[in-house]
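Enquirer: Need a 3D model of the following:
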Amino acid sequence: MMKKSFLSNFVPMGASAPDTLPPGDLWIDVGNRAGPGVLDHHGGATAARSSCELVQLHYQEWVLDPTGQDEPVTLVLHSEPDLDAISAAWLALGVLSSGDLPKPVEGVAAIVDAVSAHDQGFLVSETLEDNWPLVVRTRLEIDAAGAEGASILELGMALLDTTLGILAEGEDMETAARHLVTQEVRSYFETARRQYMDDLKGGTEFIARLPLQKAAKRPSCIPNRPLDPPSGANWIPMDGLLLEDPVSPLFKELARTDREHSSLRRGFSLLVVSWSLSVPGIATRLYRHTISTDPQTGAHLQGLGKRLETKEQQHEQRDGGGTLLEGRQRVLPGTGRHGYNVISPWYDGRGHNFTIVDSPSVVIDGVSRLVSRLSPSEVLKVVKDYG
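Expert: Here you go, the predicted model:
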């Protein structure tokens with residue numbers, strides 16, 4: 001696919017785009033709004049499942065019209081571009097090169113659907129080698145190890161070009177995934193499976209019940225899995241798993257399909273994952289916590305982010321309000337991100353149908369990090385109180 005010439009710029013995750021963009025700037029998967037020149041489904045009032053889908057749906061008024069004929073376009077992405085960010089940038093450049101969606105349009109639609117399902121936490125295939133988003137993500141991790149954002153972006157775009165070429169020949173996404181699997185990827189998957197079993201031994205299992213979405217939407221590209229929620233209930237019981245510093249890079253995919261070790265035999269549909277962080281100059285132990293539920297269950301976590309934000313602020317007050325990390329400064333009520341009284345609160349999942357909650361984004365020594373002062377046990381207690 002021919003691409004318009006471009007520059008790339010990388011900003012901290014959760015950064016807000018300026019009200020008036022410089023000529024040629026195109027914010028992708030970051031910016032905290034959705035509109036002309038800024039395509040970020042995390043902060044925008046949009047039903048799009050991904051930033052890639054935002055490009056697909058609004059390429060004329062939000063990509064072509066704002067950039068015009070300015071050369072080169074400057075793509076602004078978050079500092080560690082993921083599959084959605086890379087795919088959205090790839091699609092935007094394709095649109096800018098031709099003035100329309102790349103061909104074949106059906107192939108582009110299949111890619112967007114798979115990227116969106118993956119970004120929303122769906123497993124598009126229970127077989128690792130057939131799971132196109134997972135294979136691409138793994139290729140990026142292996143082939144771009146140690147690379148900077150611009151190199152990751154270029155490699156990701158090349159994999160997307162290859163995928164679109166395979167789809168243009170009439171193949172499906174599973175076939176495209178298998179074409180991209182290398183021997184290194186196979187070895188990676190096998191090692192990840194072994195590491196997951198070790199992670200599971202050190203994990204904490206629990207049962208929770210979560211509220212159900214009124215109308216759960218499932219992409220067409222994911223397999224059916226029986227869930228058997230109680231008839232007429234507005235909640236569903238599920239297996240939960242707390243992992244601290246998991247080693248397996250595929251713990252989420254393997255845990256969600258682990259019917260053998262989960263007590264309800266549906267896999268661990270609720271994951272609480274905590275990574276410990278060692279930050280020089282900060283005495284308090286810090287963590288990144290991510291809480292997610294399998295969206296295929298139809299359950300949601302709406303309201304959990306607010307509870308964790310309240311707990312976070314209580315912890316900060318206990319530690320001394322004058323030592324707030326950059327990004328955690330208090331602002332007027334309703335003026336912070338998502339309407340909170342802090343610049344960067346806990347992410348409450350609004351861009352992911354409330355199926356994922358993540359730690360606040362802060363800046364330490366000029367580096368953007370997702371950080372919480374809460375301990376894994378404190379987070380687990382909030383989760384249990386919620387569910």
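Enquirer: got the contact list for stretch 196-206?
Expert: With CB atoms under 8 Å, 6 or more residues apart in numbering as the test, stretch 196-206 has contacts from 239-244, 246-248, 250-251, 254-255, 258, 261-263, 268, 380, 384. No exception for glycine: its C-beta is placed from N, CA and C like everyone else's.
Enquirer: number of nearby residues for Val272?
Expert: For Val272, the number of neighbouring residues by other CB atoms under 10 Å comes to 25.
Enquirer: which stretches of this structure form helices?
Expert: For the chain, the helices defined by DSSP state H occupy 51-58, 65-67, 83-98, 105-119, 132-143, 149-168, 173-180, 183-201, 251-256, 304-319, 376-386.
Enquirer: JSON lines please, covering these and showing mean neighbour count.
Expert: Output for the helices of the chain, formatted as JSON lines (neighbours: other CB atoms under 10 Å):
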{"stretch": "helix 51-58", "mean neighbour count": "26"}
{"stretch": "helix 65-67", "mean neighbour count": "18"}
{"stretch": "helix 83-98", "mean neighbour count": "25"}
{"stretch": "helix 105-119", "mean neighbour count": "22"}
{"stretch": "helix 132-143", "mean neighbour count": "21"}
{"stretch": "helix 149-168", "mean neighbour count": "18"}
{"stretch": "helix 173-180", "mean neighbour count": "19"}
{"stretch": "helix 183-201", "mean neighbour count": "15"}
{"stretch": "helix 251-256", "mean neighbour count": "23"}
{"stretch": "helix 304-319", "mean neighbour count": "18"}
{"stretch": "helix 376-386", "mean neighbour count": "17"}
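Enquirer: mind giving me TSV with the ones you listed and columns for distance to Ser8?
Expert: Listed next are the helices of the chain as TSV, based on distance: least, CB to CB, whole Å:
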stretch	distance to Ser8
helix 51-58	15
helix 65-67	14
helix 83-98	8
helix 105-119	19
helix 132-143	15
helix 149-168	5
helix 173-180	23
helix 183-201	26
helix 251-256	28
helix 304-319	30
helix 376-386	35
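Enquirer: Show me the one of the ones you listed that comes nearest Leu75.
Expert: Using CB to CB as the measure, helix 83-98 is the one of the helices of the chain that comes nearest Leu75, at 5.2 Å.
Enquirer: any idea of the angle the closest one forms with helix 149-168?
Expert: 70 degrees (axes from the mean of the first three to the mean of the last three CA atoms, to 10 degrees).
Enquirer: hang on, the earlier thing: what about burial for the contacts of stretch 196-206, which qualify?
Expert: Neighbour-count burial (16 or more other CB atoms under 10 Å) is assigned, among the contacts of stretch 196-206, to 239-244, 246, 248, 250-251, 254-255, 258, 261-262, 268, 380.
Enquirer: Beta-bridge partners for the closest residue to Asp40 other than its chain neighbours, please?
Expert: Using CB to CB, 6 or more residues apart in numbering and skipping the chain neighbours, the partner closest in space to Asp40 is Gly31 (4.3 Å). When bridges are taken as DSSP bridges, the partners of Gly31 come out as Ser16.
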